[in-house]
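Engineer: Have a look; sequence and predicted model below, questions after that.
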Amino acid sequence: MPRCVLLLPRLMALAAGLVASLTAATVPAAAQDPVSKPELIAFPSGELELKGFIWKPAGAGPFPAILWNHGSEKKPGSVDPVAPLFVARGYIFFVPHRRGQGRSPGPYIMDQLNAAGSPAERGRLLVKLHDVQLRDQLAALSYLKGLSFVDPHRLAVMGSSFGGIQTMLAAERGQGYRVAVNCSGAAQTWGNAPDLQRRLIAAARSAAMPVYFLQARNDYDLTPNRVLSEQVRSAGKPVEAKVYPPYGVSAREGHSFCVRGADVWGPDVLRFIEAHTK
């Protein structure tokens, strides 16, 4: 048999080893060890059994955890750009679906709001329904704290849009959260909802924890984050508020920065959370 044929398997093995070494040297650890798929779970909130998804790092824990509050969409969109950021850092990432949204039963909040009469009635209902959904969030938090692999002393809450409103209401209550991240809360509703403004200002003024506020410059409205961060500061709690460069070209794209721009805001948010959950 020709010598070149005998050498071929060895050459192929050497080449494969070289490719593997180069890949390990150039591909980030998170890419080499992809985040596992989330687990669908159920938890009670009053008379309802709600659902949610939970991502878990490898290992037994206990791990710090992020409870992510989704927005107003009936089918909460993918958080694939966000979950890996935290899971790769060793966090549980939990997305509970509030009533009427995603996998959870119940009336859908936007259907209820659209059926309201006058703008004033809609505004009052908006506050009432957010208080109802806050109960769902706190029920999800209770479930999270009961998991054996979660460190109940290192919990953070974060949310986008309607989820940012939920985050601000949670920051007032405490309930075991150590730090909050409000992304674009009320950016679409602030200007036409004086009842919501008053409710959120009261929550920020009574904040029980540090809060980080973030938005892209081309979001719908930068006012709520500016006003609410000033109230948290006046309450004597640590606070940071950052307006990032425009994301995309429209207000809608700017509003999506909370989910789509995790690679931009991620280092700032991780730094803030870790500074206040030690």
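Structural biologist: Okay, I see it.
Engineer: And the strands in the stretch 151-278 of the chain?
Structural biologist: 179-183, 211-216, 239-244 (DSSP state E, counting those that start in this stretch).
Engineer: Out of those strands, which one sits most buried?
Structural biologist: Highest mean neighbour count of the strands of the stretch 151-278 of the chain: strand 179-183, a mean of 30 (counted as mean count of other C-beta atoms under 10 Å). (C-beta placed from N, C-alpha, C; glycine too.)
Engineer: Provide the backbone phi and psi angles at G52.
Structural biologist: Torsion angles at G52 (phi, psi; degrees, to the nearest 10) stand at phi -170, psi 170.
Engineer: Settle this for me: it is touching A140, isn't it.
Structural biologist: Yes - with contact defined as C-beta atoms under 8 Å, G52 counts as touching A140 (6.2 Å).
Engineer: Overlap of the contact sets of those two?
Structural biologist: F43, F94, P96 (C-beta atoms under 8 Å, 6 or more residues apart in numbering).
Engineer: Next, count neighbours for L270.
Structural biologist: 14 (other C-beta atoms under 10 Å).
Engineer: Go through the chain and flag its longest helix.
Structural biologist: Longest helix of the chain, by residue count under DSSP state H: helix 119-145.
Engineer: Give me the helix or strand of this structure that scores worst on average pLDDT.
Structural biologist: helix 29-32 (a mean of 36; mean pLDDT, DSSP states H and E).
Engineer: next structured bit after it?
Structural biologist: strand 39-45 (DSSP states H and E).
Engineer: Counting by contacts, list what that following strand packs against.
Structural biologist: Packing partners of strand 39-45 (3 or more C-beta pairs under 8 Å, 6 or more residues apart in numbering; DSSP states H and E): strand 48-55, helix 119-145.
Engineer: Please state the mean pLDDT value computed over the last one.
Structural biologist: Per-residue pLDDT over helix 119-145 has a mean of 97.
Engineer: got it, and the shortest one?
Structural biologist: Predicted confidence along strand 48-55 averages 98 (mean pLDDT).
Engineer: And stretch 210-217, by the same measure?
Structural biologist: 98.
Engineer: and the nearest residue to K145 once chain neighbours are set aside, how many neighbours?
Structural biologist: Of all residues not flanking K145 in the chain, P152 sits nearest, at 4.5 Å (C-beta to C-beta, 6 or more residues apart in numbering). Using other C-beta under 10 Å, P152 has 14 other residues around it.
Engineer: P152 contacts R178, doesn't it?
Structural biologist: No - contact criterion C-beta under 8 Å: P152 and R178 do not qualify, at 10.1 Å.
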